[in-house]
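Peer 1: sequence plus the predicted model coming up.
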Amino acid sequence: MQLLRLLTVLLSLGLADARALEVLLEPGSDLAGTLERIKPGGTIRLAGGVHEGPITIDKPLRFVCDDGAIVKGNGTGSVITVSSPSVLVSGCQIRGSGDRHETIDSGVQLLEGATNAVVEGNHLTENLYGIDVHGARNAQVIGNTIIGPQGHRMNRRGNGVYVWNAPGAKVIGNTIRFGRDGIFTNTSRDNVFSKNIFRDLRFAVHYMYTQDSIVSDNISIGNHLGYAIMFSKSVSVLNNASIDDRDHGIMLNYANDGVVRGNYVKGTLDRSLFIYNSHKNSINGNRFEASGTGIHFTAGSERNAIYGNAFIDNRQQVKYVGSKWVDWSQNGQGNFWSDHAAYDLNNDSIADAPYRPNDAIDRILWTQPAAKLLLGSPAVQLVRWAQKAFPATLPGGVIDRKPLMKPVNPQAMESVQ
C-alpha cells in the first residue's frame, strides 16, 4: 500500500511512467492530470473520500473506486465523460452534474467512441441524467443505483438511463428512482433491458423508434406507466411485473410485430394493457389483475393474437368498440375471465360456452358517460338480460370462443410476492 501511494506522489509530480500500473489516488490528488498521463490499459483506483471532477476518459482503462470514494462534478456538464472504447467505470459514487437537457448533463456520459464500455456497480445521485449511452455500441450498464433529483417537476427531470442510437446496449440489474423515465431509448436496436427495478417515475421503460429488442424480468412499482412501447417494431416484453402503476401497466402505441408474454400487471388505476394502432403482436401468457380496465383495444389495431391470458377482478375486463366480432382465441385456447360463469362438462379445461366481455350498454356508456345514472334502472337490466338470452342481438366486439377454466400464473408473479 505504501508503495502504491509513493507511486501516486511520483506520478502527480510527472516523474513516473504509469504503464501497466494500478495507481491509487487519495482525495485531493490530480485526477485529471493522472488521466492524461496514464497509459492505455492501466487502472486508476480512487481511495475513499471526495475526488473533484468533471473528468474525461479518452483511453482504454479501468476506473474503479474503493468504498466511500466519491467523484463530484462542479455543477456543469457531465461528471464522467467516456470517449474511448473498452473503459470500465466501477464502484463509484458519482454526483454533481449540470442541469442542462441540451447537453444531456449526466453522471456518466458514454459518447460514440465508447464502444464496449461497462458502467457497473456505481451509485449515482444529484445528476440530471443518470447514465447517457449516446451512440456507444455494445455498452453495458449493470447493477447501478440511480436516484434522480427531486427538486424538479417530473417532466423536467432527466432519465435514469438514456439510450440513443446505441445498438447492442444492455441495461441489466439496476435500481432507478425519481427520474423522468427509468430507461428511455430512442432510435436504437438490438438492446436488452432486464432485471431492473423502477419506482417513482413517469415511465419505467419508454421505447421510441427502437427495433429488435428485449424488455424482460423487470419490476415497475408505483410509476405513472410501466412499459411504453411506441413507434417500434419487433420488441419482446417478457416476464415483467407492473404493480400499482397509475395509467397503464403496458402500452403498445404504433408497435408492430412484437411479443407480450408472461407479464404480471396488478392494481393499475386505469388500464393494465392499452393497445393503440398496433398490429401483428402476440399477446399471451399474461395476467391482468385488479385494474380499472384489463385491456383497452382501439384505433384499428388488427391481426393481434390474444390468447392464454388471465383477466382477473378488473372493474371492466375489456374495452373494445367494433362493428365486427374479433375472436380472442387461437389453436383452441382462449383466455381466463374471472367474471365468466363457466362450466366444463367434458373436463378439457376449456369452458363450454363462449365469453363476450361487452354489450350494447357498455357501448352507450363509453360514448355517453352521463348514461351511468341509468345503470340501475329496470330498462337497462332488461336489455342486458335480453342480450345474454339472445346473443345474436349483440353488436360486434370481442368474443372468446374457447375460454380457459384456470388462470395463468406467470413467473413474474414470484418476483413481487
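Peer 2: Sure, I can see it. Not measured: the values here are computed from a predicted model. Numbers count the residues shown, from 1 in each chain.

Peer 1: can you list the low-confidence ranges for this protein?
Peer 2: 1-20, 299, 321-323, 359-396 (pLDDT under 70).

Peer 1: quick one, helices of it?
Peer 2: 2-12, 31-37, 360-367, 378-389 (DSSP state H).

Peer 1: which strands or helices does the shortest one pack on?
Peer 2: Using 3 or more Cβ pairs under 8 Å, 6 or more residues apart in numbering; DSSP states H and E as the contact definition, the elements that helix 31-37 packs against are helix 2-12, strand 22-25, strand 43-46, strand 55-57. Glycine gets a C-beta too; all of them are placed from N, C-alpha and C.

Peer 1: in its sheet, what does the second one sit against?
Peer 2: This points to strand 22-25. strand 43-46 (parallel) (DSSP bridges).

Peer 1: let me see the residues that make contact with the strand it pairs with.
Peer 2: The contact list for strand 43-46 (Cβ atoms under 8 Å, 6 or more residues apart in numbering) reads 21-25, 31, 34-35, 38, 61-66, 69, 71, 92.

Peer 1: which ones are touching Arg121?
Peer 2: One correction, residue 121 is Gly, not Arg. 90-91, 142-144.

Peer 1: quick one: which of those sit in strands?
Peer 2: 90, 142 (DSSP state E).

Peer 1: most widely separated two among the contacts of Gly121?
Peer 2: By the measure Cβ to Cβ, Gly91 and Ile142 form the most distant pair in the contacts of Gly121, at 11.8 Å.

Peer 1: and for the two, which residues touch both?
Peer 2: Common neighbours of Gly91 and Ile142, using Cβ under 8 Å, 6+ apart, are 120-121.

Peer 1: top of the contacts of Gly121 by neighbour count?
Peer 2: Asn144 (28 neighbours; other Cβ atoms under 10 Å).

Peer 1: what sits against that one?
Peer 2: Asn144 touches 119-124, 130-131, 174-175, counting by Cβ under 8 Å, 6+ apart.

Peer 1: also Asp212?
Peer 2: Asp212 neighbours (Cβ under 8 Å, 6+ apart): 189-190, 233-235.

Peer 1: 6 Å instead, please
Peer 2: Residues near Asp212 by Cβ atoms under 6 Å, 6 or more residues apart in numbering: 189-190, 234.

Peer 1: in strands, which of the residues you listed appear?
Peer 2: Using DSSP E, the contacts of Asp212 in strands are 189, 234.

Peer 1: I'd like the contacts of Asp212 laid out as JSON lines, including distance to Met154 and neighbour count.
Peer 2: Converted to JSON lines, those look like this (distance: Cβ to Cβ, whole Å; neighbours: other Cβ atoms under 10 Å):
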{"residue": "Arg189", "distance to Met154": "28", "neighbour count": "19"}
{"residue": "Asp190", "distance to Met154": "30", "neighbour count": "16"}
{"residue": "Ser234", "distance to Met154": "30", "neighbour count": "17"}
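
Peer 1: who's the spatially closest residue to Val163 that is not a sequence neighbour bridged to?
Peer 2: Take Val163 and drop its neighbours on the chain: the residue closest to it by Cβ to Cβ, 6 or more residues apart in numbering is Thr185, 4.1 Å away. On the basis of DSSP bridges, Thr185 is bridged to Val163, Tyr207.

Peer 1: Thr185 and Asn165 touch, don't they?
Peer 2: No. Here Thr185 lies out of contact with Asn165, judged by Cβ atoms under 6 Å, at a distance of 9.5 Å.

Peer 1: these two: which has the busier surroundings?
Peer 2: Using other Cβ under 10 Å as the criterion, Thr185 and Asn165 rank with Thr185 on top: 29 against 18.

Peer 1: who touches stretch 278-294?
Peer 2: Contacts for stretch 278-294 (Cβ under 6 Å, 6+ apart): 252, 255-272, 301-317, 319, 408, 410.

Peer 1: and for stretch 327-336?
Peer 2: Against stretch 327-336 from outside (Cβ under 6 Å, 6+ apart): 305-310, 398-404, 407.

Peer 1: which one (most neighbours) among those?
Peer 2: Asn309 (29 neighbours).

Peer 1: ok, now which ones touch the nearest residue to Arg157 once chain neighbours are set aside?
Peer 2: With Cβ to Cβ, 6+ apart as the criterion, Arg157 has its nearest non-adjacent residue at 4.4 Å, and that residue is Arg180. Applying Cβ under 6 Å, 6+ apart, we find Arg180 in contact with 157, 159, 202.

Peer 1: look up how far Lys402 lies from the nearest residue to Gly397 once chain neighbours are set aside.
Peer 2: Leaving out its chain neighbours, the residue that sits closest to Gly397 by Cβ to Cβ, 6+ apart is Asn358, at 5.0 Å. Separation of Asn358 from Lys402 (Cβ to Cβ, to the nearest Å): 18 Å.

Peer 1: one more: Leu273?
Peer 2: 20 Å.

Peer 1: same question for Thr125.
Peer 2: Distance from Thr125 to Lys402, by Cβ to Cβ: 52 Å.

Peer 1: could you do Pro357 as well?
Peer 2: Distance, Pro357 to Lys402, using Cβ to Cβ: 14 Å.

Peer 1: what does Val235 give?
Peer 2: When Val235 is compared with Lys402 (using Cβ to Cβ), they lie 28 Å apart.

Peer 1: just give the nearest non-adjacent residue to Met230, would you?
Peer 2: Asn253 (4.4 Å).

Peer 1: count the neighbours of that neighbour for me.
Peer 2: For Asn253, using other Cβ under 10 Å, the count is 18.

Peer 1: bridging residues for it?
Peer 2: Bridge pairing for Asn253 - DSSP bridges - gives Met230, Tyr276.
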